[in-house]
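J.: generate coordinates for the sequence data below:
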Amino acid sequence: MKTAIPLGMLLLVGAAAALHRASPPPAAGMERRTAVAAASAEVLPPPMATVPAPAVPAEVVPEAKRPAAVGSDRKSAASLARMVALLDRELALTGHQREAAERFLQERNQEIKACHAAIVRAGVIDIPNYEWQVREMKDGWYRKLDALLDRAQHDRFLALVQQGFFNEGLSFTVEPGMTVLD
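T.: Residues are numbered from 1 along each chain as shown. Model prediction:
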């Protein structure tokens, strides 16, 4: 009896050690996801497998063909100028309205860049969350610009928005190695 208890304990400890060794190691990206969640201060869903093709229409551009940041800034400035010119032409903006619209659209471009940069830093794009963010951003932009307009301008602005006025610059390029969550 005196030897049965130590032998039983030895068997239990050995079985526990074997179970511990047999348990799968944490997912490879788990440490990174934890760091991303802490950095972005939002709770991420449980880890999912990487999807090879994005579910959202996004252009995939090889790294060698990507424009430099300066080219991106020029493209952004050209986009801003086009949007302001379109508003000015379609809505017949006053000087004050034009300045305010230009300021709001610059803030819009910065907001889009910040959103895309956060996705790239995280290495994960959550499609439903991105679509929700885009809807929220569009709603905010609409409210800011619409507050500047009179009734006749409001009606023409509403038509522009329904034609996709705020869609420019919102497409996101999924980089190789990124995780796409549906």
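
J.: buried sites along stretch 168-182?
T.: For stretch 168-182, burial by neighbour count (16 or more other CB atoms under 10 Å) applies to 168-170, 172, 174, 178-181. All C-beta atoms are positioned from the backbone trio N, CA, C, and that covers glycine.

J.: now Ala100: which helix or strand?
T.: Element membership for Ala100 (DSSP states H and E) is helix 95-122.

J.: direction included, what does the helix or strand following that helix pair up with?
T.: Per DSSP H and E, the first helix or strand lying C-terminal to helix 95-122 is strand 124-126. Sheet pairing here is set by DSSP bridges, and for strand 124-126 it gives strand 179-181 (parallel).

J.: which pair in the buried residues of stretch 168-182 spans the largest distance?
T.: The distance between the two most remote of the buried residues of stretch 168-182 (CB to CB) is 26.4 Å, for Glu168 and Thr179.

J.: distance of Asn129 relative to Thr179?
T.: 13 Å (CB to CB, to the nearest Å).

J.: same thing with Gly164?
T.: Distance, Gly164 to Thr179, using CB to CB: 28 Å.

J.: before we move on, the earlier item: turn the buried residues of stretch 168-182 into TSV, including distance to Ile119 and pLDDT.
T.: Output for the buried residues of stretch 168-182, formatted as TSV (distance: CB to CB, whole Å; pLDDT from 0 to 100):
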residue	distance to Ile119	pLDDT
Glu168	18	89
Gly169	14	89
Leu170	12	91
Phe172	7	87
Val174	9	89
Met178	8	93
Thr179	10	93
Val180	10	93
Leu181	11	91
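
J.: will you turn these into CSV that also has distance to Thr94?
T.: Formatted as CSV, the buried residues of stretch 168-182 follow (distance: CB to CB, whole Å):
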residue, distance to Thr94
Glu168, 24
Gly169, 26
Leu170, 28
Phe172, 35
Val174, 41
Met178, 44
Thr179, 47
Val180, 44
Leu181, 45
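
J.: unless I'm misreading it, Gly177 sits right up against Val120, doesn't it?
T.: No: with contact defined as CB atoms under 8 Å, Gly177 and Val120 do not form a contacting pair (10.6 Å).

J.: return the closest of the buried residues of stretch 168-182 with respect to Arg151.
T.: Distance to Arg151 across the buried residues of stretch 168-182 (CB to CB) is lowest for Glu168, with 25.8 Å.

J.: quick check on that closest one: phi, psi?
T.: Phi and psi for Glu168, reported as degrees, to the nearest 10, are phi -60, psi 130.
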